[in-house]
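# sequence? don't have it. structure:
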Ligand code: SF4
Ligand code: SF4
């Protein structure tokens, strides 16, 4: 087998091999998904970047729009736009324009309170995109989450259900798989994915990849710290899992968000960047970099806003396993109490300040000297008891 390591992917002559490959494999491969085996045959390790498609292939892509870049999402068999819509805030005008411009993947969660708005905005265009539903909570509640979602979005199925894993050692993957299989049999969902929603990203990634039950992985992936998770993503790609990134621009100065997205997309480790987008200007800027996403086009140079949490994970030293990063994210990025509250309440009580022993280790280790303890207390006071 040819070498599939990321290190060697940097020398991949993508234009020539891609062109040949697409011509050779054509729409048949795109319709059924591009397998790593086929790509290995032609020496292509950077399979998430496709620079040219045959016209037949274009016809097989949902909501294909000329100029938009698409990527095979591993063994999900979907060809997805390299920018996708997510987040717990939703702007109808932006969403409509994104679909018009060829975006074909939308993410939602019952807890986000934006699902109703997603239906109002895109209800008549639901056939133009795939819907990824996040499930937070117990395995046995997956069916309830799915039913609530389907009722709200007025559809009979979603494409992907992304099971949230926050920490290692507690998930019964056999149970997840058997529960999902029942739901799949009922026709309500087609593909099982996983969301690594945690402070221990590489460890959890390794565990969920090893579980071998997920076709897609959605994880935090930040260009400035990409080395921390590159090996895991390479492993996911080797197993032909689709890769999606979130929180890609967390802690990045506003002017550099486009560059962060471009960098995340540039080396092919990430099929699509999931992004909350709240203005047309932002959307256009991100679409531009998604369209131009080609290998090595962008550098990793982004300036950092050191007054907010950069999700570096140094506060992982917390002996009480408090979800510091997630709470800091709520405190930093949510302008509305309702949005912050719904996200905050997804965090188990034992992972909030309720369990803090005031050891101070988090603040000692935080390279940005953030007032973590104070923030944890005020987050709890504000959002735990809000009506
Ligand atoms: S002060 Fe609290 S949150 Fe910070 S490390 Fe100690 S127990 Fe964890
Ligand atoms: S150490 Fe500080 S900057 Fe790093 S994740 Fe924790 S709170 Fe954020």
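Right, received. Where do you want to start? This one's a predicted model, so the numbers in the text were calculated from it and none came from an experiment. Numbering: from 1, shown residues only. Ligands and ions are numbered 1, 2, ... in the order given.
# what's around residue 270, how many residues?
Neighbourhood size, residue 270 [other CB atoms under 10 Å]: 27. (Each C-beta comes from the backbone N, C-alpha and C, glycine too.)
# Does it touch residue 233 like I think?
Yes: contact criterion CB atoms under 8 Å: residue 270 and residue 233 qualify, at 7.3 Å.
# overlap in contacts of those two?
When contacts are counted by CB atoms under 8 Å, 6 or more residues apart in numbering, residue 270 and residue 233 are jointly contacted by 221, 243.
# Okay, now the unreliable bits of the stretch 101-250 of the chain?
Within the stretch 101-250 of the chain, the segments meeting pLDDT under 70 span 199.
# which residues of it fall in strands?
Secondary structure of the stretch 101-250 of the chain (DSSP state E, counting those that start in this stretch): strands at 105-109, 130-135, 158-165, 189-196, 216-220, 242-246.
# Switch those strands over to CSV; also include distance to residue 68 and mean neighbour count.
Below are the strands of the stretch 101-250 of the chain laid out as CSV (distance: least, CB to CB, whole Å; neighbours: other CB atoms under 10 Å):
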stretch, distance to residue 68, mean neighbour count
strand 105-109, 11, 26
strand 130-135, 15, 25
strand 158-165, 18, 24
strand 189-196, 22, 25
strand 216-220, 20, 26
strand 242-246, 16, 26
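# what would those strands look like in CSV with distance to ligand 2?
Below are the strands of the stretch 101-250 of the chain laid out as CSV (distance: least, CB to the nearest ligand atom, whole Å):
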stretch, distance to ligand 2
strand 105-109, 22
strand 130-135, 22
strand 158-165, 19
strand 189-196, 15
strand 216-220, 11
strand 242-246, 15
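# May I see these arranged in TSV, with distance to residue 90 as well?
Formatted as TSV, the strands of the stretch 101-250 of the chain follow (distance: least, CB to CB, whole Å):
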stretch	distance to residue 90
strand 105-109	9
strand 130-135	13
strand 158-165	17
strand 189-196	18
strand 216-220	18
strand 242-246	15
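# show me where the stretch 1-150 of the chain has helices.
For the stretch 1-150 of the chain, the helices defined by DSSP state H, counting those that start in this stretch occupy 6-9, 14-32, 36-41, 55-59, 92-100, 115-122, 142-153.
# can you give me the helices for the stretch 201-350 of the chain?
For the stretch 201-350 of the chain, applying DSSP H, counting those that start in this stretch gives helices covering 201-211, 227-238, 257-266, 280-291, 324-333, 337-344.
# what about those helices, which gets the closest to ligand 1?
Closest to ligand 1 of the helices of the stretch 201-350 of the chain is helix 324-333 (CB to the nearest ligand atom; 5.8 Å).
# quick one: the closest one to chain centroid distance?
How far helix 324-333 lies from its chain's middle: 17 Å, per CA atoms, centre = their mean, to the nearest Å.
# Go through the helices of the stretch 201-350 of the chain and name the closest to ligand 2.
Comparing the helices of the stretch 201-350 of the chain by their distance to ligand 2 (CB to the nearest ligand atom), the top pick is helix 324-333, with 4.6 Å.
# Mean confidence (pLDDT) on that closest one, please.
Mean pLDDT, computed over helix 324-333, is 81.
# what's next to it, contact-wise?
Helix 324-333 is contacted by residues 197, 199, 247, 250, 308-309, 311, 313, 315, 318, 340, 343-344, 347, 352-353, 362, 370, 372, 375-376, 378-379, 383 when judged by CB under 8 Å, 6+ apart.
# Generate a PyMOL selection restricted to the buried subset of the residues you listed.
A single PyMOL command is used to select the members of those judged buried by 16 or more other CB atoms under 10 Å:
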select buried, resi 197+199+247+250+308+309+311+313+315+318+340+343+344+347+352+353+362+370+372+375+376+379+383
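# picking that back up, of the helices of the stretch 201-350 of the chain, flag the one that's most buried.
Greatest average neighbour count among the helices of the stretch 201-350 of the chain goes to helix 257-266 (a mean of 24), per mean count of other CB atoms under 10 Å.
# Give me the helices and strands touching it, please.
Packing partners of helix 257-266 (3 or more CB pairs under 8 Å, 6 or more residues apart in numbering; DSSP states H and E): strand 272-275, helix 280-291.
# will you turn the ones you listed into TSV that also has mean pLDDT?
Shown next, in TSV, are the helices and strands packed on helix 257-266 (pLDDT from 0 to 100):
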stretch	mean pLDDT
strand 272-275	94
helix 280-291	93
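# how about those, which one is nearest residue 266?
Of all the helices and strands packed on helix 257-266, it is helix 280-291 that lies closest to residue 266, at 9.2 Å by CB to CB.
# what separates that closest one from the chain centre, distance-wise?
Relative to its chain's centre, helix 280-291 lies at 17 Å (CA atoms, centre = their mean).
# re earlier: dump the helices of the stretch 201-350 of the chain into CSV; add distance to residue 92 as well.
Below are those laid out as CSV (distance: least, CB to CB, whole Å):
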stretch, distance to residue 92
helix 201-211, 32
helix 227-238, 33
helix 257-266, 21
helix 280-291, 11
helix 324-333, 20
helix 337-344, 16
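# Make TSV out of those and add distance to ligand 1.
Below are the helices of the stretch 201-350 of the chain laid out as TSV (distance: least, CB to the nearest ligand atom, whole Å):
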stretch	distance to ligand 1
helix 201-211	18
helix 227-238	20
helix 257-266	28
helix 280-291	33
helix 324-333	6
helix 337-344	15
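# tell me the domain ranges of this protein?
The chain is divided into the following domains under automatic domain parsing: 65-291, 314-383.
# Relative to residue 59, which of those domains is closest?
Distance to residue 59, taken as CB to CB, is lowest for domain 65-291 among those, at 11.1 Å.
# roughly how far is that closest one from the heart of the chain?
Using CA atoms, centre = their mean, the offset of domain 65-291 from its chain centre is 4 Å.
# show me the contacts for the closest residue to residue 111 other than its chain neighbours.
Distances taken as CB to CB, 6 or more residues apart in numbering place residue 342 nearest to residue 111, at 5.1 Å, with adjacent residues excluded. Listed by CB under 8 Å, 6+ apart, the contact partners of residue 342 are 88, 111, 112, 113.
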